[in-house]
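Asks: need a structure here:
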Amino acid sequence: PVDGGARLRASRECREEPRADAVEIEVAVTVRNRGARAIGARIRDPAMPGAALVRGSLEAVATLPPGYAAELRYVLSAARGRFRWDEALVAVADPLGLFESEARVPAGAQVKVHPRFRRMRSIPLRLRETLPSLGSIPIRQGGDGTDFWGIREFRRGDPLKRLYWRLYARDPMRRYAKDFILERTAEVVIALDGRLRMELAAGGDSLFDREVEAAASLAAMLIRQGQRVGLRVIGARPREVQPDYGRMQLRRILDCLCDAAPEPEGSGGSLRLLPALRYSRAAFMIFISPLARDDESAFLRLRQLGSD
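Replies: Residues are numbered from 1 along each chain as shown. I've put the predicted structure just below:
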């Protein structure tokens, strides 16, 4: 109940509509008068950081007889982010309209706007070390794959589908097997530079937002190839998604990028910590950053530790 005896109940609905370069979020807040007398109500929502109001208003005024409801409706536009509402602000006037008492009525909702990403053409990876699982990266070795590699003698334990039947028909006393180019998967870690001093913004465009879009596009392309992909956002509070496969992994990466923002370096945002990250020996790191002059020492340290 609000001061003055008014009884209110609120609900909120959010609907997302993708656009060319952003996502529009339609927000509808419904406030119902469950009291015994008519009231004058002013419903409002505070501005949401990271989202721009494109249609409607953040405030609505209505007279509510008992049992009636009023609606506040508006549309926000956001390129990416995590947006959460816990309540609606409702100001109720006294019967003479002289004073108002404001209440915070629960009306929760949450919307996640993933960063947009472009569908990139597959980039062939040529790595010295790969994971033992089957994948799309050809290595110079015969085994299971799709492209022909060569012929060798048939060995005990080889499946019959490997038998080269054309040569066997010529000489049944000798058996040969077909080998294909062995294809493996890679472990790829995308490291995104989230240090505040590397940020550059001009005319509403942000270098960090471009880096986020590049990271999302790379992750989508690599996961589509069947690679094991992880993410590390370097900043004061480093964010990390451990390497894994599949569509759910892409969703986890996009969730992590959703509200990533440039931060002061602090103790966790220095590139000096890169050598201490614990990934498999076969991990391949893609570092997205404009880099600074004093970053060279971190990469020299990685070379000293045996990284290519």
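Asks: ok, A91 - contacts?
Replies: Residues near A91 by Cβ atoms under 8 Å, 6 or more residues apart in numbering: 41-42, 44, 100-103. Backbone N, C-alpha and C define where each C-beta goes, glycine included.
Asks: narrow those to those in strands?
Replies: Using DSSP state E, the members of the contacts of A91 that fall in strands are 41-42, 44, 100-103.
Asks: find the residue at the geometric middle of this structure.
Replies: Nearest to the mean C-alpha position of the chain, by Cα atoms, centre = their mean, lies L254 at 0.7 Å.
Asks: quick one: that residue and A186, what's the gap?
Replies: Distance of L254 to A186, given as Cβ to Cβ, to the nearest Å: 20 Å.
Asks: check I253 too.
Replies: 16 Å.
Asks: now A69
Replies: To A186, A69 is 56 Å away according to Cβ to Cβ.
Asks: so the two - more neighbours on which side?
Replies: Using other Cβ atoms under 10 Å, the more surrounded residue of A69 and A186 is A186, with 23 against 15.
Asks: need phi/psi at that one.
Replies: Per-residue torsions, A186: phi -120, psi 160 (degrees, to the nearest 10).
Asks: that one touches F284, doesn't it?
Replies: Yes. Checked against Cβ atoms under 8 Å, the pair A186 and F284 is within contact range at 5.7 Å.
Asks: by contact count, what packs against the helix or strand harbouring S297?
Replies: Using DSSP states H and E, S297 maps to helix 296-304. With contacts defined as 3 or more Cβ pairs under 8 Å, 6 or more residues apart in numbering; DSSP states H and E, helix 296-304 has no helix or strand neighbours.
Asks: next, the buried residues of it.
Replies: 298, 302 (16 or more other Cβ atoms under 10 Å).
Asks: and R197, that's in a helix?
Replies: Yes. Using DSSP: H, G, I helix; E, B strand; the rest coil, the assignment for R197 is a helix.
Asks: ok, it - contacts?
Replies: 265, 292.
Asks: roughly how far apart are it and S206?
Replies: R197 is 14 Å from S206, by Cβ to Cβ.
Asks: okay if I get the contacts of A91 as CSV plus neighbour count, pLDDT and distance to E26?
Replies: Output for those, formatted as CSV (neighbours: other Cβ atoms under 10 Å; pLDDT from 0 to 100; distance: Cβ to Cβ, whole Å):
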residue, neighbour count, pLDDT, distance to E26
A41, 22, 89, 21
R42, 17, 91, 21
R44, 16, 94, 17
E100, 16, 77, 28
S101, 13, 85, 30
E102, 13, 86, 25
A103, 18, 86, 25
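Asks: any idea how far D86 is from the residue of the chain positioned farthest from its centre?
Replies: No residue in the chain sits farther from the centre than M173, which is 58.8 Å out by Cα atoms, centre = their mean. In this view, M173 and D86 are 81 Å apart by Cβ to Cβ.
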